[in-house]
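**Student:** Sequence plus the predicted model coming up.
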Amino acid sequence: MSVCHRRCDPGDWAHQWSVSRSCRHARFGLSRVVLPECCPHHIIGSIVEAFLVAVLVRFARLPQPTIFDGAGFEGTALSTARAIRDDLSSYLVTDIIDAARRVFGVRGILPNELVSGVGPLLWNPCLEVSGCPVTARPGMASVVAGFRGWAARRRSGRLPVKEALTDGTTRCRSSGRTPAASWAPCCSGSHWCERGALEKSERGTVMSRFALAIDQGTTSTRAVIFDRESNVIAMDQREHQQIYPQPGWVEHDPMEIRERTQQVVRTALERAGIGGGDIAAVGITNQRETSVVWNRHTGQPYRNAIVWQDTRTDQLCAQLERDGYGPMFRERTGLPISTYFSGPKIRWLLESDPEIRAAAEKGDALFGNIDTWLIWWLTGGPNGGAHVTDVSNASRTMLMNLQTLDWDDELLRALQIPRQMLPAIRSSSDPNAYGYTVADGPLGARVPVCGDLGDQQAALVGQAGLKPGMAKNTYGTGCFVLLNTGTEIVPSKYGLLTTVAYRFGDGPCVYALEGSIAITGALVQWLRDNLGLISQSAEVEELARSVEDNGGIYFVPFFSGAFAPYWRADARGVIVGLTRFVNRGHVARAALEATAYQTRDVVDAMVADSGIELAELRVDGGMVQNELLMQFQADILGVPVIRPVVTETTSLGAAYAAGLAVGYWANEQEIAQYWKEARRWNPQMGAEQRDALYRGWKKAVERSFGWVEL
Ligand SMILES: Nc1ncnc2c1ncn2[C@@H]1O[C@H](COP(=O)(O)OP(=O)(O)O)[C@@H](O)[C@H]1O
Ligand SMILES: O=P(O)(O)OC[C@H](O)CO
């Protein structure tokens, strides 16, 4: 007999009874229910449950008894039920609860807190689902639906099978997969109330009810908790400081990013009302290219992180180009030599201080993009933290060979970067887990960290862009259009990047063509922070609507030089066409239009490179709330623009990568089924007007080139 130590707020509990052998409380919407063992309904429920389980054992041909850690099936139906229900009923309960949720439209159930016993739950007339649109009790409809769901998952091999390992631990595997790809360590130690040690250590990751994504972006860090149907259960977001020490330089404080990450994870868990043990897997996604070098013994960064937008390496890049390295980098990495990527930034850091180079040569200094930095800290930091990255992030360093998916020694020599400072390159979704969160970290539990994707690739996955020919555009600080090209490495002739989209497990690597645009939402921020035209980003829409059109001006925001498809480091921002007629509204409108024109630039290049006509564009990111922009985007592209229900696609992609690794989500087909359209903008502009406007944009772009002498 153990006791639930969880403190319960009396006001928050719809029913509060005695506490049973295990903690039996469930939370439905805003109310919670405690299920007592002493309650007669509970006892009746247990007997019904036992019968039910016995029938299942008999007819559903459960796996061999030994798989259930020796508890065995011999004995009475009751003891059998008790022995296995912690394995079986957790799944069953989940399915039944999921079905109840569908039947009753209940949101926010935390089924992980239903520790045991289908029977007590189902046959207890005191259990009510309150705080929901309806007050109801899970009835037979949901029971039946739940059983169907459970049976389907069994058939598809999604119920994990446990097996004892020689080292005394256990692992789970989904029976439908090949052993090599499917082993995933069990995650132990949930916050479930006192239970036997065996039960604790044998809870499989897939039994946990949620997946956690950490999205470390250019301006902020988010932690988002998803359930199995890809609903956002809870999230938190915090901004960090943008540091501009000189014109063209952009830095972040890595320690601040680490702290923000810890804070958002803690807050998201609190808001969801769960603990780290309820998380099946953690996925990381990050602003790409941003580079940190730190000391492996102390964890202290040698300098601030150099952000992807930073142009301090322009002279170095120009020199590499003059030395004739351009074709080699382009061919092996799919990237042009540019200040954008990590390689030149690492070289700058190594040259900025002899101490850093010496430490790197000795193996004391580690390099990482922000994914690597966070994974290292989450999994132990100086005490054995995993020093890893994934193929998608590695493909942004200008150091990884797209064919071998390994660091390329010749490229390392060209940039004078010691290999020993680089992280191991792993799959984006890795069943072997990069490492485990430390129990004294923000999750407070050991949870596998097994998903890692650059943020734009994560958005492609979150948009279910998993088939060749599918494209998405993410409208954040910059815009990034990615087209899935499947397992083919498509070199670009029109100024796009060839990059890794993702690699799941030991499956084939999937590639993409990418159109990267440096300044889009950042221009709205600039109007807000540097000109004071608005006080919040969203206000730009109202200001832009105060005028009918752009008043004849174009705003070319090449603040970090021109990225795709031009790649002109000598470009800078310009506003052209100014007359005394122009007012603040026109500037706001031109700023928004610049995002749509830049997107058209890269989409045209994509069509030219791939030969695939774009039929529609799936969009996400902070700017897609802007109706004016989305309509103008559809007009300028001449194709529909579509926003999905879940706009946290970047986080969702990272959660998918992690969840796939542990069998929380079965496969890519399952993921694709969760994508749902929420809003569509169809083109309304005539072709003539579209062409005239776009011609004006092209002329304006020409005016921005050659401003900086390199
Ligand atoms: N309603 C809006 N209209 C235009 N821009 C917006 C709007 N809301 C947010 N933004 C811009 O979107 C960006 C934030 O989007 P987000 O996807 O969070 O970016 P990131 O991941 O790059 O940090 C900011 O640059 C902000 O200025
Ligand atoms: O953080 P975001 O969303 O601005 O994305 C940044 C990109 O990953 C840079 O390549």
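**Tutor:** Sure, I can see it. Residues are numbered from 1 along each chain as shown. Ligands and ions are numbered 1, 2, ... in the order given.
**Student:** Now the residue of the stretch 151-300 of the chain found nearest ligand 1: closest residue in space that isn't a chain neighbour?
**Tutor:** Nearest residue of the stretch 151-300 of the chain to ligand 1: residue 217, at 3.2 Å (Cβ to the nearest ligand atom). Just so you know, the C-beta spots here come from the backbone N, C-alpha and C atoms, and that holds for glycine as well. Leaving aside its chain neighbours, residue 217 sits nearest to residue 287 (5.4 Å; criterion: Cβ to Cβ, 6 or more residues apart in numbering).
**Student:** now do residue 233
**Tutor:** residue 225 (4.5 Å).
**Student:** ok, so what distance separates that neighbour from ligand 2?
**Tutor:** 20 Å (Cβ to the nearest ligand atom, to the nearest Å).
**Student:** any idea which element that residue lies in?
**Tutor:** strand 220-226 (DSSP states H and E).
**Student:** Can you report phi and psi for residue 237?
**Tutor:** phi -140, psi 140 (degrees, to the nearest 10).
**Student:** so it touches residue 219, yeah?
**Tutor:** No: in this structure, residue 237 is not within contact of residue 219 by Cβ atoms under 8 Å, at 9.7 Å.
**Student:** Would you state the predicted confidence (pLDDT) at the residue nearest to residue 217?
**Tutor:** pLDDT recorded at residue 287 is 96.
**Student:** just residue 580 next, same as before
**Tutor:** 96.
**Student:** Confirm that it sits in a strand.
**Tutor:** No: Residue 580 is assigned coil when assessed by DSSP: H, G, I helix; E, B strand; the rest coil, not a strand.
**Student:** re earlier: what number of residues are in the vicinity of the residue of the stretch 151-300 of the chain closest to ligand 1?
**Tutor:** Residues within reach of residue 217, counting by other Cβ atoms under 10 Å, total 21.
**Student:** For it, list the residues it contacts.
**Tutor:** When contacts are counted by Cβ atoms under 8 Å, 6 or more residues apart in numbering, residue 217 is found next to 286-287, 455, 476-477, 650.
**Student:** hang on, isn't residue 266 packed against residue 441?
**Tutor:** No: assessed by Cβ under 8 Å, residue 266 is found out of contact with residue 441, at 9.7 Å.
**Student:** Pick out whichever of the two has more residues nearby.
**Tutor:** Higher neighbour count among residue 266 and residue 441: residue 441, with 21 against 17, using other Cβ under 10 Å.
**Student:** Run through the protein and note the low-pLDDT ranges.
**Tutor:** Residue ranges of the chain with pLDDT under 70: 1-208.
**Student:** domains of it?
**Tutor:** 210-463, 470-644+676-704 (the TED database).
**Student:** which of the ones you listed sits most buried?
**Tutor:** Comparing the domains of the chain by mean neighbour count (mean count of other Cβ atoms under 10 Å), domain 210-463 ranks first with a mean of 22.
**Student:** can you give me the helices in the stretch 351-500 of the chain?
**Tutor:** Assigned by DSSP state H, counting those that start in this stretch, the helices in the stretch 351-500 of the chain fall at 354-362, 370-378, 391-394, 409-415, 455-462.
**Student:** How about the stretch 151-300 of the chain?
**Tutor:** Using DSSP H, counting those that start in this stretch, the helices found in the stretch 151-300 of the chain span residues 179-182, 197-202, 254-272.
**Student:** Could you check the angle the longest one makes with helix 370-378?
**Tutor:** For helix 254-272 against helix 370-378, the angle between stretch directions is 70 degrees (axes from the mean of the first three to the mean of the last three Cα atoms, to 10 degrees).
**Student:** helices or strands next to helix 254-272 in the packing?
**Tutor:** The contact analysis (3 or more Cβ pairs under 8 Å, 6 or more residues apart in numbering; DSSP states H and E) places helix 254-272 against strand 210-216, strand 220-226, strand 232-239, helix 370-378.
**Student:** contacting residues around that helix?
**Tutor:** So helix 254-272 is contacted by 110, 210, 212, 214, 216, 220-225, 233-241, 275-276, 278-279, 292, 294, 301, 304-305, 370, 373-374, 377-378, 441-443 (Cβ under 8 Å, 6+ apart).
**Student:** send the alpha carbons of stretch 617-631 over as PDB?
**Tutor:** Only the C-alpha atoms of stretch 617-631 are listed here, as PDB (Å, rounded to 0.1, in the frame of the first residue of the first chain):
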ATOM      1  CA  LEU A 617       2.400  26.800 -50.600                       C
ATOM      2  CA  ARG A 618       2.100  25.600 -47.000                       C
ATOM      3  CA  VAL A 619       3.100  28.400 -44.600                       C
ATOM      4  CA  ASP A 620       3.900  28.800 -40.900                       C
ATOM      5  CA  GLY A 621       5.800  31.100 -38.500                       C
ATOM      6  CA  GLY A 622       5.000  34.300 -36.600                       C
ATOM      7  CA  MET A 623       4.200  36.400 -39.700                       C
ATOM      8  CA  VAL A 624       1.400  34.100 -41.000                       C
ATOM      9  CA  GLN A 625      -1.000  35.800 -38.700                       C
ATOM     10  CA  ASN A 626      -0.800  38.800 -41.000                       C
ATOM     11  CA  GLU A 627      -3.800  38.500 -43.300                       C
ATOM     12  CA  LEU A 628      -2.700  41.300 -45.600                       C
ATOM     13  CA  LEU A 629       0.700  39.700 -46.200                       C
ATOM     14  CA  MET A 630      -0.800  36.300 -46.800                       C
ATOM     15  CA  GLN A 631      -3.200  37.600 -49.400                       C
END
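**Student:** Run the contact check for that stretch versus ligand 2.
**Tutor:** No: no part of stretch 617-631 sits near ligand 2 under the criterion Cβ under 6 Å from any ligand atom; the closest distance found is 6.8 Å.
**Student:** re the thing from before, filter the contacts of residue 217 down to the ones near ligand 1?
**Tutor:** 476-477.
**Student:** which parts of the stretch 201-350 of the chain sit against ligand 2?
**Tutor:** Counting by Cβ under 6 Å from any ligand atom, the residues of the stretch 201-350 of the chain that sit close to ligand 2 are 217-218, 287-289, 308.
**Student:** Show me which pair in these is furthest apart.
**Tutor:** Comparing every pair within those by Cβ to Cβ identifies 217 and 289 as the most remote, at 12.7 Å.
**Student:** hang on, the residue nearest to residue 233 packs against residue 276?
**Tutor:** No: Residue 225 is not in contact with residue 276 according to Cβ under 8 Å; the separation is 10.9 Å.
**Student:** so how far is residue 560 from the nearest residue to residue 416 once chain neighbours are set aside?
**Tutor:** Nearest in space to residue 416, with sequence neighbours left out and distances taken as Cβ to Cβ, 6+ apart, is residue 347 at 6.2 Å. Going from residue 347 to residue 560 by Cβ to Cβ, to the nearest Å gives 18 Å.
**Student:** show me the residues around residue 615 that make contact.
**Tutor:** So residue 615 contacts residue 639 (Cβ under 8 Å, 6+ apart).
**Student:** and if you look at residue 624?
**Tutor:** 475, 630, 643, 647.
**Student:** Excluding covalently adjacent residues, which one is nearest to the third one?
**Tutor:** Going back to what we said before, that points to residue 643. Residue 643 sits nearest to residue 679 (Cβ to Cβ, 6+ apart), 4.5 Å away.
**Student:** For that neighbour, identify the helix or strand it belongs to.
**Tutor:** Counting by DSSP H and E, residue 679 is part of strand 677-681.
**Student:** partners of that strand in the sheet?
**Tutor:** With DSSP bridges as the test, strand 677-681 is paired with strand 641-644 (antiparallel).
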